[in-house]
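>>> have a look at this prediction, sequence included:
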Amino acid sequence: MIRENLIKTVIALVVFVLGISALGYLLEDELSAGTNWIVEQIGFFGLCLILLITDTLVTPFPPDILLLVIAKSSLAEQWSAYVLILGIVSGFAGMLGWGIGRWLGHLEFVKGIFGKFKEDHREFIHRYGFWAVAIGSITPFPFSVTCWTAGVMGLRGMIVLLAALTFRIPRFFIYYWLIDSTGNWF
């Protein structure tokens, strides 16, 4: 299961890099103008709010777009502070998602869906739950799904928080570095 998830992660990362790099190469001027316009309209606080919502709720909006906005706008001058703050906001959003999952886990129809699986795999979930959240923290797939599932499955909040902060913040720095280091490709 872990090997399959790692393979999916690598494939998704390659698809993301190729897709964004093609767009960045073809639309370089438009991208730069667009990112500066976004920053002028909503500011960094607005970017944080977008991230809070998209990493708390299940949405198809990847946070990497916000890293692209930072890299291609005036925010790039102090990128490390902005990327760190986004990583912290994402970790906080993950905990909100975990809370939603805990709440959903008490609903009868959710118990019906996850109940038997949870009981049959309780030891596995508690043994490898940290690593499941860690993998979910670094992939481009919606982080909220990982955190909601951790909440529904009854994973302890401290485990989720530790995995999220340990892997989510460095993920933001690594993805920013990928975006920034490729120059005109992004």
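The structure has been received and is ready for your questions.
>>> tell me the buried residues in the helix or strand hosting Val83?
Secondary structure from DSSP states H and E places Val83 in helix 79-104. Within helix 79-104, the residues that count as buried by 16 or more other Cβ atoms under 10 Å are 79, 82-83, 85-87, 89-102, 104. Using the backbone N, CA and C atoms, a C-beta is placed for each residue, glycine as well.
>>> ok, stretch 56-73 next?
Counting neighbours by 16+ other Cβ under 10 Å, stretch 56-73 gives 56, 62-73 as buried.
>>> go on, stretch 40-59?
For stretch 40-59, burial by neighbour count (16+ other Cβ under 10 Å) applies to 44, 47-48, 50-52, 54-56.
>>> neighbouring contacts of the helix or strand hosting Ile11?
Take DSSP H and E as the rule and Ile11 turns out to sit in helix 2-26. For helix 2-26, the external contacting residues (Cβ atoms under 8 Å, 6 or more residues apart in numbering) are 31, 62, 64, 68, 128, 131, 135, 138-141, 178-179, 182, 184-186.
>>> helices or strands up against the helix or strand harbouring Trp37?
Assigned by DSSP H and E, Trp37 belongs to helix 28-56. Contacts defined by 3 or more Cβ pairs under 8 Å, 6 or more residues apart in numbering; DSSP states H and E place helix 28-56 against helix 64-71, helix 79-104, helix 143-152.
>>> and these: which comes nearest Leu27?
Taking Cβ to Cβ, helix 64-71 is the member of those nearest to Leu27, at 11.5 Å.
>>> circling back: now mean pLDDT too, for the helices and strands packed on helix 28-56, in TSV please.
Shown next, in TSV, are the helices and strands packed on helix 28-56 (pLDDT from 0 to 100):
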stretch	mean pLDDT
helix 64-71	90
helix 79-104	95
helix 143-152	90
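>>> among these, which is nearest Ala164?
Across these, Ala164 has its closest neighbour in helix 79-104 (4.4 Å, Cβ to Cβ).
>>> let me know the secondary structure of the residue lying closest to His126 once chain neighbours are set aside.
Excluding the flanking residues, the one nearest His126 by Cβ to Cβ, 6 or more residues apart in numbering is Leu155, at 7.3 Å. Following DSSP: H, G, I helix; E, B strand; the rest coil, the label given to Leu155 is coil.
>>> now the helix holding Trp37 against helix 143-152, angle please.
Inter-element angle recorded for helix 28-56 and helix 143-152: 10 degrees (by axes from the mean of the first three to the mean of the last three Cα atoms, to 10 degrees).
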